[in-house]
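[1] I'll drop the sequence and a predicted model, then ask my questions.
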Amino acid sequence: MLGGGDGASPSQFAPADCKKQQSNLYILSVVHFVLAITLCIAIPPLGIGEIFTALILMCTAYAMNFCMVILYMLLMLQDVVQYFSAVGLLVQNGWLAGCYQNGGNNNCDPFNTTVVIIFFVFSIGAVTVSFYAYRIFKANAMGQLGPASNPGLFSRGMNMPSNRNRNNRDDDDGDDEAPYVPPQTGNQPAPNTQTGNNNAQYQLQNPPNQRAQQAESRNQARPQGGYVPFGGQGVRIG
């Protein structure tokens, strides 16, 4: 709604359980918004705060973000304590019954008291509905709703290859290239060039069959037991 990206809705690839909880939160946000307007008429400071809370819930339902659901739950728990304290004060002082007799009294107004009681009951229901949505949204973010669901926010984050892995993979996919030989100046031979030529000449002068026969003859002439120093020619360098 407010973020960037490719413009796809978060619910486009969401599983059925997430879409169901999203619909429940949308309905809850509409009810909350209507009650907030009513509370603005009764107690304007409280009503304005509830309007912002309802807007937060709408954005939360669209994004299906379980962290934002936790924030909404905390705000609703605060409302439960606040409205319970107001209603409990009326009951404790014996003013609740007098609010609805003879058009109310100076201690309470029937309309304001009714709105506060309705909001108290609504806050308890809002906490319950949002808690079930929190469970489903978090399971979807962790990728625990089965193979048909999204891989999850955290699963996608952990499976993203690092820059080092991507570079190594690109290097492996590329064609093998010849080693780089720096340009030579003057008559200086290239590094390891003379050594390679000597090894090639040795390989030509001593074919594999001849080298195998020489090794077999040395093994037969070797005395049994005792230390025998190395007697082969090996690879001549230089």
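    Received the coordinates, thanks. Numbers count the residues shown, from 1 in each chain.
[2] Pull out the C-alpha coordinates of the helix or strand where Leu55 lies and format them as CSV.
    Leu55 is part of helix 44-63, with elements assigned from DSSP states H and E. The C-alpha trace of helix 44-63 is given here as CSV (Å, rounded to 0.1, in the frame of the first residue of the first chain):
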residue,chain,number,x,y,z
PRO,A,44,-13.7,13.6,21.3
PRO,A,45,-10.1,13.0,22.6
LEU,A,46,-10.6,9.3,22.9
GLY,A,47,-12.4,9.0,19.6
ILE,A,48,-9.6,10.7,17.6
GLY,A,49,-7.1,8.2,19.0
GLU,A,50,-9.3,5.3,18.1
ILE,A,51,-9.6,6.5,14.5
PHE,A,52,-5.8,6.3,14.2
THR,A,53,-5.9,2.8,15.7
ALA,A,54,-8.4,1.7,13.2
LEU,A,55,-6.2,3.0,10.3
ILE,A,56,-3.3,1.1,11.8
LEU,A,57,-5.4,-2.1,11.7
MET,A,58,-6.4,-1.4,8.0
CYS,A,59,-2.7,-1.1,7.0
THR,A,60,-1.9,-4.2,9.1
ALA,A,61,-4.6,-6.3,7.3
TYR,A,62,-3.3,-5.2,3.9
ALA,A,63,0.3,-6.0,4.7
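[3] so after it, what's the next helix or strand?
    If you walk from helix 44-63 toward the C-terminus, the next helix or strand you reach (DSSP H and E) is helix 66-93.
[4] Check which helices and strands the helix or strand following that following helix sits against.
    Using DSSP H and E, the helix or strand that follows helix 66-93 towards the C-terminus is helix 96-99. Using 3 or more Cβ pairs under 8 Å, 6 or more residues apart in numbering; DSSP states H and E as the contact criterion, the elements in contact with helix 96-99 are helix 66-93, helix 110-141. C-beta coordinates here come from the backbone N, C-alpha and C atoms, glycine included.
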